[in-house]
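Dropping the sequence and predicted coords here.
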Amino acid sequence: MFRFIHSADWQLGARFSQFGAKGSALREARLTTLRRTLDLARQKSVDAFLVAGDLFEDNQVDEALVSQVVGMFSDYHTLPIYLLPGNHDPFTGPDSVWQRRSFAKAPAHIHVLTRVESIDLGGVWLLASPLQQKLSTVDPSLKLVDLAASVPAGAIKVGITHGALAIEGKHQPNDFPIALNAASRAGLDYLAVGHWHNWLPDTDGGRLVMPGTPEPDQFDQDRSGRVAFVEIDAPGVAPRVEALQVATLDWKRLTFDFLSADASRTSLIHALSSLAANAMRTVLRVELTGTTAPAQLAEVRTWLEGKLSPFLVGQLFDRSSIALSAAELVDLQSRHPILAQVLADLDQIEVFATGAGGPPRPPTDATLTLIEAQRLLAQSKIELTALSAEHLTRARQVLLQTMQEVAP
Ligand SMILES: [Mn+2]
């Protein structure tokens, strides 16, 4: 039996600059998670610890980080560790992170898979296809086909590589597209893949696994924060794969919608109190949506800022738009006559496109003709009839915000 941990996409050194000074807490969390995962590997006495690419955010990460990571791996001297260069940290030669002094001095149980090679782990073969560039249209698992044929038949064969899965419409052509049958095509018992940050289940009869990032880095990842714990009883026997939850931080997104402000406030109070116990481990974003008056927006912002302060990261993300009174609108239009004309043209386009006008407005000199509207839209390859009221509403919101932000 062969038992191992398969992880990928640690992206150590990722900056998280969108969170300002809090970014360092997120960087630190990744190291906490790595240490926890190595502890788990030791508790389970696994035969190997695999990183299927993108251990590092890029090849330019600080030497202090590289030294810290190699130092951490060094503490687990009974655990064979195999690190594969991915597209973020490709093995490009002397300038790659794998050529740093820390790796040159690393103890022998830390292996960097810098070339296409097969490694004998004692009746079990690890077959590696590392990345040596940031982009390629070639499937990196193709190199594993010949490699697998060159090792003794009747051995357990585990491949490791990095790239997108070649799922129609879900990958870029130059993002190392890996065939969905890459494991069975090469006769592998298991293919450890990294690249996408959500766990991708049930591919190639359960032999091809993408575990996702062990530490979430986006709000919409519902299947991240895991590593794969894999057991293979014998050659040709389906692997047992268990997702181990290892993440340190939880990313949550909540919404306050001004269209239903009272209900939003009630449900936010409820949601925030359920997150309170774990606040220092939560990266929280509250999105403001809908339309509201400036005074109400200010009141809600102040209220929310107080509620968000206990969280490790508490981010207000304002997607709401300002509802202006008729007097405010007249004032704005008089200060921005050209943009006011654009606003009137948008209203007119909505009449042409949908037969109905936008919101009532103080009268302007709407002079846009149907022919002119079609000519203007054609320049942007837009069919007048393809425009919906929602498109025009969005365009007006952007314009109104611009009018309020630019100096009169
Ligand atoms: Mn990647």
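Received it, and whenever you're ready, just let me know what you need.

Hmm, Trp196 is touching Val209, no?
No: using C-beta atoms under 8 Å, Trp196 is not in contact with Val209; the gap is 11.2 Å. (Glycine included, C-beta is placed from N, CA and C.)

Between the two, tell me which one has more neighbours.
Val209 (26 against 23; other C-beta atoms under 10 Å).

I'd like the distance between Ile349 and Thr369.
11 Å (C-beta to C-beta, to the nearest Å).

Can you pick out the residue with more neighbours from these two?
Ile349 (24 against 11).

I figured that one hits Glu372, correct?
No: in this structure Ile349 lies outside contact range of Glu372 using C-beta under 8 Å: 9.9 Å.

what's the burial count for Gln333?
Counted with other C-beta under 10 Å, Gln333 comes out at 19.

in a strand, that's where it is, yeah?
No: using DSSP: H, G, I helix; E, B strand; the rest coil, the assignment for Gln333 is helix, not a strand.

Leaving out the residues flanking it, which one is nearest to it?
Ala340 (3.7 Å; C-beta to C-beta, 6 or more residues apart in numbering).

what does Gly23 give?
Per C-beta to C-beta, 6+ apart, closest to Gly23 is Phe16, 3.7 Å.

hang on, that neighbour packs against Arg30?
No: contact criterion C-beta under 8 Å: Phe16 and Arg30 do not qualify, at 9.8 Å.

So between those two, which is more surrounded?
A count of neighbours by other C-beta under 10 Å puts Arg30 above the other of Phe16 and Arg30, at 25 against 18.

That one and the ion, how far apart?
Look at Arg30 and the ion: by C-beta to the ion, to the nearest Å, they are 15 Å apart.

from memory that residue sits against Trp10, does it?
Yes: using C-beta under 8 Å, Arg30 makes contact with Trp10 at a distance of 6.1 Å.

Need the residues touching each of the two.
214-215 (C-beta atoms under 8 Å, 6 or more residues apart in numbering).

Find the nearest non-adjacent residue to Val51, please.
Leu83 (4.8 Å).

contacting residues around Ala192?
Contacts of Ala192 (C-beta under 8 Å, 6+ apart): 6, 8, 50, 52, 158-161, 209, 228.

Run through the bridge partners of it.
Beta-bridge pairing of Ala192 under DSSP bridges involves Ile160, Val209.

and Gly357, what pLDDT?
pLDDT for Gly357: 68.

pLDDT (mean, whole number) over stretch 400-408?
pLDDT averaged over stretch 400-408 gives 74.

sorry, back to before: count of residues packed around the residue nearest to Val51?
Leu83: 28 neighbours (other C-beta under 10 Å).

Pull the contacting residues for it.
Leu83 neighbours (C-beta under 8 Å, 6+ apart): 51, 55, 98, 110-113.

from these, which would you call buried?
Neighbour counting by 16 or more other C-beta atoms under 10 Å classes 51, 55, 98, 110-113 among the contacts of Leu83 as buried.

Throw those into a markdown table and include secondary structure, thanks.
Shown next, in a markdown table, are these (three-state DSSP):
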| residue | secondary structure |
| --- | --- |
| Val51 | strand |
| Leu55 | coil |
| Trp98 | helix |
| Ile110 | strand |
| His111 | strand |
| Val112 | strand |
| Leu113 | coil |
